[in-house]
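**Q** Please work out how this folds:
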Amino acid sequence: MASHYTSLLSRLFGKFAVTSFPGPFQRLINRSYVRLMGLDMSEFAPAESYSSLNRLFTRALKAQRSIDPDPLAVIAPCDALITDLGTISDGKAYQIKGMAYDTAALLGEHYASEAERLEGGNYANFYLSPRDYHRYHAPMDLKIESITHIPGRLYPVNMPLLKNKLNLFIENERVILQAADRQGRRHFLVLVGALNVGKMVVTFEERIHTNTAPGPARHYRYETPISLKKGELFGWFEMGSTIVMLSQKGALEYEIEAGEKVRFAQTIGRLKEDG
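**A** Numbers count the residues shown, from 1 in each chain. Got it, this is the predicted structure:
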């Protein structure tokens with residue numbers, strides 16, 4: 001099967017983004033990108049210090065942000081806009097108001113039976129724009145039990161397409177983390193790829209290679225689950241995209257609303273003690 005044009009475009013842009021150009025030209029590229037996208041660089045190294053545009057995309061924070069130590073506090077996994085959040089009903093969640101999608105289809109065949117456990121639970125969509133900090137972190141203490149990579153297209157996940165293209169998250173390439181919280185309740189973190197570069201990095205799983213070639217889903221289960229502490233870095237997008245968080249009924253309660261801008265480490269909800 002041939003690659004979709006969105007994947008080809010993303011690979012071409014990716015080659016440009018990872019190239020380190022001669023110093024003056026690279027500094028011009030970086031400064032131009034910062035101005036064009038309106039990046040706030042106050043928490044990061046100067047734009048001129050990054051050796052490629054991709055290094056600028058995936059920049060690390062200079063200092064750790066403060067995290068609520070309360071084990072019940074749930075934090076934002078990234079800097080993002082909440083495009084929608086709510087309750088999973090009849091197996092449906094929403095990419096944005098009025099645009100429903102099937103959670104079982106989003107999770108794929110490896111988690112088909114798990115989707116039933118999510119009925120009545122919560123979903124939240126975190127949209128990372130090209131100007132946002134691109135790294136993602138654990139929103140709570142989690143045990144990662146398995147991970148699945150589902151190849152797909154790389155349509156943009158911006159507001160116009162969220163409002164007009166059905167099943168956008170399902171058509172796009174994605175990486176799905178199956179996890180349990182401290183009480184053993186089920187959560188999924190779905191990393192959705194997007195146009196340009198289109199790569200998603202998971203620090204603890206080197207077998208995941210996104211935006212390479214079409215093929216079947218790849219599923220990896222861990223005999224010993226991978227432990228992530230709240231706030232721990234577990235990867236990054238190489239350009240902006242979306243994280244979908246799905247949680248079983250009774251696991252947590254959000255304290256944010258659709259349309260709200262959140263920052264990594266901000267408390268956005270609370271785990272329930274009994275769920």
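**Q** going forward, measure contacts between C-alpha atoms and count neighbours the same way
**A** Fine.
**Q** Name the spans of the stretch 1-150 of the chain whose pLDDT lies under the cut-off.
**A** In the predicted model, the stretch 1-150 of the chain carries pLDDT under 70 at residues 1-11.
**Q** which residues in it form strands?
**A** Counting by DSSP state E, counting those that start in this stretch, the stretch 1-150 of the chain has strands at residues 73-75, 80-87, 92-96, 99-102, 122-127, 135-137, 142-150.
**Q** C-terminal to the longest one, what's the next element?
**A** What it means is strand 142-150. Next along the chain after strand 142-150, taking DSSP states H and E as the criterion, comes helix 159-164.
**Q** Give me the next element, helix or strand, following that next one.
**A** Note on helix 159-164: by DSSP H and E, the next helix or strand toward the C-terminus is helix 168-171.
**Q** separation between residue 100 and residue 166?
**A** Distance of residue 100 to residue 166, given as C-alpha to C-alpha, to the nearest Å: 8 Å.
**Q** what touches both of the two?
**A** Counting by C-alpha atoms under 8 Å, 6 or more residues apart in numbering, residue 100 and residue 166 have no common neighbour.
**Q** hmm, back to that, and the strands of the stretch 1-150 of the chain as TSV, adding distance to residue 227?
**A** Output for these, formatted as TSV (distance: least, C-alpha to C-alpha, whole Å):
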stretch	distance to residue 227
strand 73-75	16
strand 80-87	24
strand 92-96	28
strand 99-102	29
strand 122-127	22
strand 135-137	12
strand 142-150	5
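**Q** can you list those strands in CSV and add distance to residue 264 and mean neighbour count?
**A** Compiled in CSV, the strands of the stretch 1-150 of the chain are given as follows (distance: least, C-alpha to C-alpha, whole Å; neighbours: other C-alpha atoms under 10 Å):
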stretch, distance to residue 264, mean neighbour count
strand 73-75, 7, 24
strand 80-87, 8, 21
strand 92-96, 21, 24
strand 99-102, 26, 17
strand 122-127, 11, 24
strand 135-137, 8, 22
strand 142-150, 16, 21
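**Q** just so I know, which of those strands lies nearest residue 25?
**A** Ranking these by distance to residue 25, with C-alpha to C-alpha as the measure, places strand 135-137 first at 25.8 Å.
**Q** Show the contacting residues for the closest residue to residue 34 other than its chain neighbours.
**A** Among residues not flanking residue 34 along the chain, residue 47 sits closest, at 7.4 Å (C-alpha to C-alpha, 6 or more residues apart in numbering). Residues in contact with residue 47 (C-alpha under 8 Å, 6+ apart) are 27, 30-31, 34, 41, 56.
**Q** Which one of these is nearest to residue 270?
**A** Nearest member of these to residue 270, counting by C-alpha to C-alpha, is residue 41, at 30.1 Å.
**Q** tell me the contacts of the closest one?
**A** residue 47.
**Q** where does it sit relative to residue 28, distance-wise?
**A** According to C-alpha to C-alpha, residue 41 stands 16 Å off from residue 28.
**Q** and what of residue 67?
**A** Taking C-alpha to C-alpha, one finds residue 67 at 35 Å from residue 28.
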